[in-house]
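Enquirer: After the sequence you'll find the predicted model.
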Amino acid sequence: MALPKIDPTSTVAWKKLQEHFQSINGIHMEDLFAQDAERANKMTIQWEDFYVDYSKNRITEETLNLLLELAQETKLKKAIESYFSGEAINETENRAVLHTALRAKEDTNISVDGKNIIPKISEVKNKIENFTNQIVNGSKKGFSGKAFTDVVNIGIGGSDLGPSMVVSSLEFYKNHLKSHFVSNIDGDHVNEVIKKLDPETTLFIVVSKTFSTQETLTNAETIKSWFLQSAKAEDISKHFVAVSTNIEKAREFGINENNIFPIWNWVGGRFSLWSAVGLSISLTIGYRNFSKLLLGANKMDSHFKTAAFEKNMPVVLALISIWYNNFFKTETEAIIPYSQYLNRFSTYLQQSIMESNGKSIDRNGNTINYQTGSVVWGQPGTNSQHAFFQLMHQGTKLIPADFIGFAESLHENKEHQDKLISNFIAQTEALLKGKSKEDVLKELKEQKLSAEEINKLLPYKVFEGNKPTNTIFIKKLTPESLGKLISLYEHKIFVQGIIWNIFSFDQFGVELGKKLAGNILKDIKNNTFNNHDVSTLNLLHYYKNLT
Ligand code: F6P
């Protein structure tokens, strides 16, 4: 069964939401809290170690009900079933979308082309586990007989962002292995990493779903040449492994068949960290912790599949985000984790969200006349408070934000933790309340300013508040809770794609730039600049004249 193909703007719920928007637009959230003492309790979802408070949004119960009607009219329930059961919902590439199968229980049965894929997944998991144990305990050694000390992940996009985000988020759980990530085609990146490495004790993982990505293959070749300055060709099999669907190409690169970890077409690059693409995660936090990450994601999958929509975290967060994007016409969403460990989280989400839902053709092949994917950005608090929060508080743009925090600190530093969490909570309160004219007046009078000075300063110091936030409060940062958090956003992406009537699992938009870069590279090498616009020609001549 294909996904439903319903234009959301043609639904009854959409029209009702448009009308409803007119009545909500001018209301301050503080009045909504004043009208209903139970608001915060009603608009909170508690599940396992997650506490999601979405009461600080410009919504009422009616808004939510209408958004839930929209989900119903666009047949979200049916789409979720198709997603988890392995139907080819990535229609433009004729593939299933089954990153959820990678973390499914062993006794699950999920068929692709009539065959249960779970045994194949378990086989690769066993391979990851054995390999991890041998590298971590030092029984697998490098060409000179020394144990490995460093692991380098060579990949880009989904073959880099997921693993590198998880490795840095779970740094607390890391073992003795040092991990490095080489992604950019910029040769300075690979050279800076190489500088820190000893070829005798470094393991390289070439991660590329297609094994045809220019950046990854170029970096892998550069590293191989560097490695061969100290080692022999037969040593490659001890130091290089690959993760790919393209076994043939990985073999051609010189990687021993036993060192190739397969992935499958039904795993999208940006959702692949749960597969062997996560090998660097398993190596640096150990297989037990890697499996806990998968377990957490699986628990969130079950919540998403079974919880009633009004108590379903991915569904509710997706609907609220649609409310701002399509009715308030907000352009961006901020993700602010109050944990330095999660400093790569919004970067990771930028790919998974924007590559998935940055689409403008609907599932009927028509150009869309409503907004789809938002621009996603953010940085950890409290640093971001001292960077861009000014604009969130007093700028002209409305920026819905997710605040993500962990109640327990991993290093148990109570003094810091109390200060961190007070900032985490205070910012959503400040964004809600703002600062009234009366409060500013009182404050300025207390400072004994003259009437003239007060009048001059007053407008700058008042801010209206009414800025929406969701608070995702989690007990503690663990492999399991991180798995849940990532999976929560994956499903939010899915819900939004369904309602916007787009295909979330292809990424044709990134292809054109790759093709043109290939053409330009040929031009640079051959010194023949043809078929370009004048600006491009000027840039090419400028580069050639300087080099
Ligand atoms: O940027 C486009 C993209 O195809 C991503 O979706 C993918 O994660 C990345 O390139 C890397 O692709 P591969 O794993 O095939 O090297």
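Expert: Arrived safely.

Enquirer: For the helix or strand bottoming out on mean pLDDT in the chain, list every residue counted as buried.
Expert: The element with the least model confidence among the helices and strands of the chain, by mean pLDDT, DSSP states H and E, is helix 511-526, at a mean of 90. Within helix 511-526, the residues scored as buried using 16 or more other Cβ atoms under 10 Å are 520, 523. In short, each C-beta sits where N, CA and C put it, glycine included.

Enquirer: and if you look at stretch 409-418?
Expert: Along stretch 409-418, the positions that meet the burial threshold by neighbour count (16+ other Cβ under 10 Å) are 409, 410, 417.

Enquirer: what packs against the helix or strand following the least confident helix or strand of the chain?
Expert: From helix 511-526 onward toward the C-terminus, using DSSP states H and E, the following helix or strand is helix 534-546. Secondary-structure packing of helix 534-546 (3 or more Cβ pairs under 8 Å, 6 or more residues apart in numbering; DSSP states H and E): helix 511-526.

Enquirer: Mind giving me the packing neighbours of the helix or strand hosting residue 432?
Expert: Taking DSSP H and E as the criterion, the element that holds residue 432 is helix 414-433. Contacting helix 414-433 under the criterion 3+ Cβ pairs under 8 Å, 6+ apart are the following elements: helix 29-35, strand 332-338, helix 389-394, strand 401-406, strand 469-474.

Enquirer: can you rerun that using 6 Å?
Expert: strand 469-474 (3 or more Cβ pairs under 6 Å, 6 or more residues apart in numbering; DSSP states H and E).

Enquirer: one step back: quick one: mean pLDDT for the helix holding residue 432?
Expert: For helix 414-433, mean pLDDT is 98.

Enquirer: So which bits of it are buried?
Expert: Neighbour counts over helix 414-433 (16+ other Cβ under 10 Å) mark 417, 420, 421, 424, 427, 428, 430, 431, 432, 433 as buried.

Enquirer: ok, now stretch 248-263?
Expert: Of the residues in stretch 248-263, those with enough neighbours to count as buried (16+ other Cβ under 10 Å) are 249, 250, 251, 253, 254, 255, 259, 260, 261, 262, 263.

Enquirer: and which of the residues you listed is nearest the ligand?
Expert: residue 263 (8.8 Å; Cβ to the nearest ligand atom).

Enquirer: which residue packs closest to the closest one, ignoring adjacent ones?
Expert: Closest residue to residue 263 apart from its sequence neighbours, by Cβ to Cβ, 6 or more residues apart in numbering: residue 275 at 4.7 Å.

Enquirer: next one: residue 281
Expert: Here the nearest residue to residue 281 in space, its sequence neighbours aside, is residue 166; by Cβ to Cβ, 6+ apart that works out to 4.9 Å.

Enquirer: Next: residue 9.
Expert: Counting by Cβ to Cβ, 6+ apart, the nearest residue to residue 9 once its immediate chain neighbours are dropped is residue 370, at 5.5 Å.

Enquirer: burial of that neighbour, as a residue count?
Expert: Neighbours of residue 370 under the rule other Cβ atoms under 10 Å: 16.

Enquirer: any idea how far it is from the ligand?
Expert: Between residue 370 and the ligand the distance, using Cβ to the nearest ligand atom, to the nearest Å, works out to 25 Å.

Enquirer: Test my guess that that residue contacts residue 11.
Expert: No - counting by Cβ atoms under 6 Å, residue 370 stays clear of residue 11, with 11.6 Å between them.

Enquirer: Number of residues surrounding residue 74?
Expert: Neighbours of residue 74 (other Cβ under 10 Å): 25.

Enquirer: Same question for residue 529.
Expert: The local packing of residue 529 (other Cβ under 10 Å) involves 16 other residues.

Enquirer: mind pulling up the phi and psi values for it?
Expert: Main-chain torsions, residue 529, degrees, to the nearest 10: phi -100, psi 100.

Enquirer: Same check on the one 3 residues further on?
Expert: Backbone geometry at residue 532, expressed as degrees, to the nearest 10, gives phi -130, psi 160.

Enquirer: Provide a list of residues in contact with it.
Expert: If you count contacts by Cβ atoms under 6 Å, 6 or more residues apart in numbering, residue 532 has none.

Enquirer: For residue 282, give its distance to residue 254.
Expert: 23 Å (Cβ to Cβ, to the nearest Å).

Enquirer: scratch that, residue 428 is what I was asking about
Expert: The value you get for residue 428 to residue 254, if Cβ to Cβ is used, is 53 Å.

Enquirer: Can you report how many residues neighbour the residue in the stretch 201-350 of the chain that the ligand sits nearest to?
Expert: Taking Cβ to the nearest ligand atom as the measure, the stretch 201-350 of the chain has residue 269 as its residue closest to the ligand, at 2.6 Å. Applying the criterion other Cβ under 10 Å, we find 26 residues in the vicinity of residue 269.

Enquirer: looking at it, residue 69 is touching residue 15, isn't it?
Expert: No - with contact taken as Cβ under 6 Å, residue 69 and residue 15 are classed as non-touching, separated by 10.8 Å.
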